[in-house]
Structure formats: structure tokens, C-alpha cells
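Trainee: structure, please.
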Amino acid sequence: MISTKQPSPQPRNDNYARLANYIADASHEGEKCLMAWSAGCMAGDDFQLGISEVLATQDCNTRTKKEKTYHLIVSFRPEDEAKLTEKDFKEIEERFAEVLGFEDHQRHCGIHNNTTNPHMHVAYNIIHPEKKTRHAPYYDYWKRDELCRKLEKEYDIAIDPGRKQRKELHCYLTDRKERILPAVKAAQSWEHVHATMALYGLQMTCKDDVQLTPLEGGGRGCRVAGVEIHTSLSKTALEERLGVFEAKQNFYQTLETFEPSSSEKSKKNEKAEALEAYTGQESFDGYLKRHKGIIDVARNAALSWKDFQNTLQDELNITIKERGRGAVIADLTVRGKNQPHAKLSSLGRGYSRAKLEAEFGTLKKLEEGRWAKPKRQYSSKPLHRDPERGELYQKYNVGIERRKRLFKEQKERREQETREQKLKWKIKIKKYRIDSTLSWKEKRYLVNAAKAEQLRHEELLKEKYAEQRTKIKEEIPYGNWNDFLRQQAEAGNTVALAVLQSAKPKEKTTYKERLVMKLLEGMTYTVDNEGNITYKLNGGGLVRDNRKGIIASKDEEARIFAEKLKVRRFARNQ
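Mentor: Residues are numbered from 1 along each chain as shown. Now for the predicted structure:
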């Protein structure tokens, strides 16, 4: 179970009614909504009347200039849906409301099952229905995370790890708070504060607020806001006393360092992992980790930066270059702002700039003008290893290249037409302004009319090219390899389904696994990016085939269909 608070919208975009209708899936007649209900409203079970009641309550508070809606999402594992009843979902929501301080507030809730992981949406009205005051939970992650761990045990559902390292860093800072706070209070400058933090293996950064992060070690990626430890470590309090924040200029002695209980050898790149999961194609970060052995050999054999950089180019067509105060590994196939790159630390703790410079001296970039044909180079090839993907990938490439070409041509035509329109109206407005036969009132009227007409033409131009883009997307509806495979699989292409599933590790089982062909006919089903199939039955039941097993909703029709599907999917070796 994982809870997530959606980022708060700008107050002008805060629309409780729109969110509540999305939760009930009103625009699609509840196709993806397993159940929806409201709580804390005088309207009782009337969902729409409850929305009107919330809007009236929010209108009573005219003082606050902030948002008035809190959007919570609680995600479950696929196998949890069969374990939880309607009563259980409502009890879980009540527990979250109690922990967040919304037990007396109005809210609208719904369970969506349109993805592999069923999830609960809750829209809380931040304005109290009686007091008309605004209640916004502050640093509420810890409360939600602790509740998730408790509910997982109580309802015997799958356990998801919390942000363990960040919690450990928070405890590390709390234990040393009595020593850190007096030293910070006695500091006369920002450098004194940085020196104090360095003693405990910490560094201080500041953007929207002061953040404390470890200087080095496995917990380098986690951070804690200073105000979470004490109000005297907030940005406001420190800047009032020491002036505008100043970055650290010197290096200081470290007496102790923060070490999390379990640190991985190489740092995870969540963005790269998300990209691979979404597109099904290898990221640059994945390419580096796949060839880390070659990079290690090159480092061990090199005597200088020149040797190391030359070997990296010859073997993998990559280079190490400076970026800010650190360094990145960049791809030499593409140049410019779209050049793929990854942090040095993605290869492990031993690949920091400081450690490489201690070995080879000051960082020196690759020699200009040097060119060598590399043995390998990065290309975002599919992660799927199925032997039958070759023909499908050729078909995908033909379509995606045509899609790119059409979009590029359309963009060029739009830019050209926009330039022509701007020039036309600029000349027309200038003529009105320099026309000596017109009075100043006539000039002002004609110029304003021309500007209004120009805006109308610009809107028409946007609509024209928006329609063209829609037609291109309808002609070639996929934007990446996973989308292509998923659409092919949903169209009945069993080869595409097999390729899509080939990226997932196959589970060891005593049964012979076979693709479902006959049972797909006449069924309403969807395929996700991992090749999991979700069947929607006529009675509203859902059955998920996630290759490890068959998961069914609690109605009788779904249970019977799931049993038939198990026989087809996991028949005994024949």
C-alpha cells in the first residue's frame, strides 16, 4: 500500500467539483470506477448533492488565498483487490481521514481499477464544515506512511517499503539536534553554519527552503527540510539572522557520517526506470550500467584522464564532462541540449568526481577533433529479448519515422504561416498609425479592432493545426515501442503480446505456460505496458492475468471465468 498526496493546484485552478466527478468517473459512466461514495456530508449518500454542499462550504471561507482541496491517492497491489471488501475500503479511508485530521470534514471517495494496481482517490474539503477554518496537514508523509504499514498488517495485504533512508536520516538528525542547534545559534555567518553541518557529515542547500543532505555515502539521495528538525533551521529564521543564503565555499573536517542501514552499490535513477517502464526502450542510464564492466576495465588500465577518456570513446562512444560542481557521463552520438547524459554516481559510489580526480588529477575533457569509430554506441533499443520482435520493430520504426516526419513538416508550416500572419497584421496596424487622414480616436479604434482580429486569426490557426495533429495521431496512434506493442496486442496480435511480456522475468512454475487465444475472442480486455491482460466481463466483473496467476473480483461471474482461464493458461504439461 502506497499513499500519495497529489501536488496542490494553484488556487485559481482548484476545482473540487471537477475532481469529485473524476473520482466517480462521471464522464465515462463509471467504467473505471469500482465504487464511489461521499462522507461527512449532510446530503448522506447523494454524491452530487454532497458536491454542492462542499462548494457552498468552501465559498463561506473568503479569507484564505490558498487551495481548499486535498487530493489523496492510495494504491494497492493487484492481489489485494480480492482480499478487501467495500466495507474495508471505507474503513481504510476513515483511518486516513483520522490521521490527517479530516475526520469531521467532507470528502468524496472512489476506487478505480483501470490500471494494474487498484487505487483509491479521496478528495478532502480543507475547509471545516462548521468552523469554516482551513486545515492543511503539515509534513503529513510520516503519518500516512506509518498508517500504511499498520494497515498492511491488519488487513493482511502486500507490504510496500516506505522511504526508509529518509526516515533514518531524520532520526540521525533528531539524535544530534541538541548538539547541532546550539552551534548553529552561535554561528556568525553562513560559512560557520556549513562548517557545523560538515562535522556531522551533512551539507546544507537552499531553494524554497533549507534542506539537509548527507555529504557522501549510500544515503546521498535523501534529504530532510531543516524546519522538520527545528524552526530555527528554517530558511526564514536563518536569513533573518545571517542574511541571504550563501553556498559553501570551503571544505571542512568531518567527524562522523550518516550511513543508512542498507545502501545499494549503484544509485537508482528513478527517472530512467520510469522511462524504460513507459517506453519499453533502454535508457542511457541503463546502457551505462549494462556496460559498467567495460568502464571498470578502462579505469583500471588508464594512467591519466587522456587514456581514460579515449578508451571510453573507443569502446562505448561516451565521455566524462564537467557539469556544475560535479561531472556527468555524456553520449557522443548526439550533441547539443538533447545530448543524453547521466550522473557519475549512477555507476556507484566509487565514481564520484572527487574520487576520479584523486586518481587521475584535475578533470580533463576529451581532446577536440579526435574521432574514432566506436565498437558500441547507445541507441534506445527495446528491452524485450523475444526472438520474434525483429519484424514488429521494423514495422514500428516505419510508423514512428513517418509520424516524426509529419509532425516536423506540420510544425514548419505552422511557424511559416504564423510569421506571415504576424507580418501582415504588423503592416496593417502600422498603416493605421501613420495615416494622417485619420483622427487619433479613429486610429485607436482601428488599431484595437485590428488587434482583436489578429487574435481571432491566431486562435483559428491553432485550431487548424490542432486538428491536423489529431489526424496524424489517429493515423499513427503510438508514440513509443510499448504503446505499439500494447495496441497490437489489444488488436489480437499474439506475437506482440509475447514480445511485450518478454521483458518481465518469467516465474518458475510446474505448469506449462501458454498464450490465451480462443478466450480472447468476443471479450472486452486491455493490455498494460508489462503485458498484463485485464478482462472486463458483461456483469462488471474484472479478471486480471498478470502471468504469475489469475486475479478475479469477488462476483461469481468473474470467479467462474477465472477458473476457466486458469485451465487454459496453466494447463498441466501435455
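
Trainee: got the end-to-end distance for stretch 477-486?
Mentor: Stretch 477-486 has an end-to-end distance of 11 Å (CA to CA, to the nearest Å).

Trainee: and for that stretch, what's in contact with it?
Mentor: Judged by CB atoms under 8 Å, 6 or more residues apart in numbering, the contacts made with stretch 477-486 from elsewhere in the structure are 278-281, 382, 384, 392-393, 396, 399-400, 403, 487, 496-497, 499-500, 527-529. Just so you know, the C-beta spots here come from the backbone N, C-alpha and C atoms, and that holds for glycine as well.

Trainee: give me the buried entries from those residues.
Mentor: Neighbour-count burial (16 or more other CB atoms under 10 Å) applied to the contacts of stretch 477-486 gives 279-281, 382, 384, 392-393, 396, 400, 403, 496-497, 499-500, 527-529.

Trainee: just the ones of the contacts of stretch 477-486 in helices?
Mentor: Mapping those onto helices (DSSP state H) picks out 278-279, 392-393, 396, 399-400, 403, 487, 496-497, 499-500.

Trainee: looking at these, which is nearest residue 15?
Mentor: Taking CB to CB as the measure, residue 15 lies nearest residue 278 of the ones in helices among the contacts of stretch 477-486, at 27.6 Å.

Trainee: quick check, pLDDT for the closest one.
Mentor: Note on residue 278: pLDDT of 68.

Trainee: and the one 3 residues further on, by the same measure?
Mentor: On pLDDT, residue 281 comes in at 81.

Trainee: excluding sequence neighbours, find me the nearest residue to it.
Mentor: For residue 281, ignoring the flanking residues on the chain, the nearest one in space by CB to CB, 6 or more residues apart in numbering is residue 380 at 4.3 Å.

Trainee: doesn't residue 85 make contact with residue 35?
Mentor: No - with the criterion set as CB atoms under 8 Å, residue 35 and residue 85 do not qualify as a contacting pair; they are 10.3 Å apart.

Trainee: could you export stretch 81-96 as PDB, CA atoms only?
Mentor: Extracted C-alpha coordinates of stretch 81-96, given in PDB (Å, rounded to 0.1, in the frame of the first residue of the first chain):
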ATOM      1  CA  GLU A  81      -8.400  -6.300  -4.500                       C
ATOM      2  CA  ALA A  82      -9.800  -9.800  -3.900                       C
ATOM      3  CA  LYS A  83      -9.000  -9.500  -0.200                       C
ATOM      4  CA  LEU A  84     -10.700  -6.200   0.500                       C
ATOM      5  CA  THR A  85     -14.400  -5.700   0.700                       C
ATOM      6  CA  GLU A  86     -16.400  -2.500   0.200                       C
ATOM      7  CA  LYS A  87     -16.500  -2.100   4.000                       C
ATOM      8  CA  ASP A  88     -12.700  -2.500   4.200                       C
ATOM      9  CA  PHE A  89     -12.100   0.300   1.700                       C
ATOM     10  CA  LYS A  90     -14.400   2.600   3.600                       C
ATOM     11  CA  GLU A  91     -12.700   1.800   6.900                       C
ATOM     12  CA  ILE A  92      -9.300   2.400   5.400                       C
ATOM     13  CA  GLU A  93     -10.400   5.800   4.100                       C
ATOM     14  CA  GLU A  94     -11.700   6.700   7.600                       C
ATOM     15  CA  ARG A  95      -8.400   5.800   9.100                       C
ATOM     16  CA  PHE A  96      -6.600   8.100   6.700                       C
END
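
Trainee: check the average confidence over that stretch, would you?
Mentor: Stretch 81-96 comes out at a mean pLDDT of 90.

Trainee: list the contacts of it.
Mentor: Looking at what lies outside stretch 81-96 - CB under 8 Å, 6+ apart - the contacts are 3, 35, 37, 39, 72, 74, 76, 102-103, 107, 109, 111, 113, 118, 120, 122, 144, 147, 151, 155-157, 551-554.

Trainee: backbone phi and psi for residue 241, please?
Mentor: The main-chain torsion angles of residue 241 are listed as degrees, to the nearest 10 and equal phi -90, psi -40.

Trainee: tell me the spacing between it and residue 226.
Mentor: Taking CB to CB, to the nearest Å as the measure, residue 241 and residue 226 are separated by 13 Å.

Trainee: looking at the two, which is more packed in?
Mentor: Neighbours were tallied for residue 241 and for residue 226 using other CB atoms under 10 Å; the higher tally belongs to residue 226 (23 against 13).

Trainee: the more buried one and residue 202 touch, don't they?
Mentor: No - with contact defined as CB under 8 Å, residue 226 does not count as touching residue 202 (10.3 Å).

Trainee: common neighbours of these two, please.
Mentor: residue 212.

Trainee: next up, the contacts around residue 537.
Mentor: The contact partners of residue 537, by CB under 8 Å, 6+ apart, come to 524, 543, 557, 558, 561.

Trainee: isn't the first one right up against residue 539?
Mentor: No - under the criterion of CB under 8 Å, residue 524 makes no contact with residue 539, lying 11.7 Å away.

Trainee: point out where the stretch 101-250 of the chain drops to low pLDDT.
Mentor: Using pLDDT under 70 as the threshold, the predicted model of the stretch 101-250 of the chain has low-confidence ranges 161-164, 216-221.

Trainee: how about the helices in it?
Mentor: 141-154, 164-175, 177-186, 190-199, 226-229, 235-242 (DSSP state H, counting those that start in this stretch).
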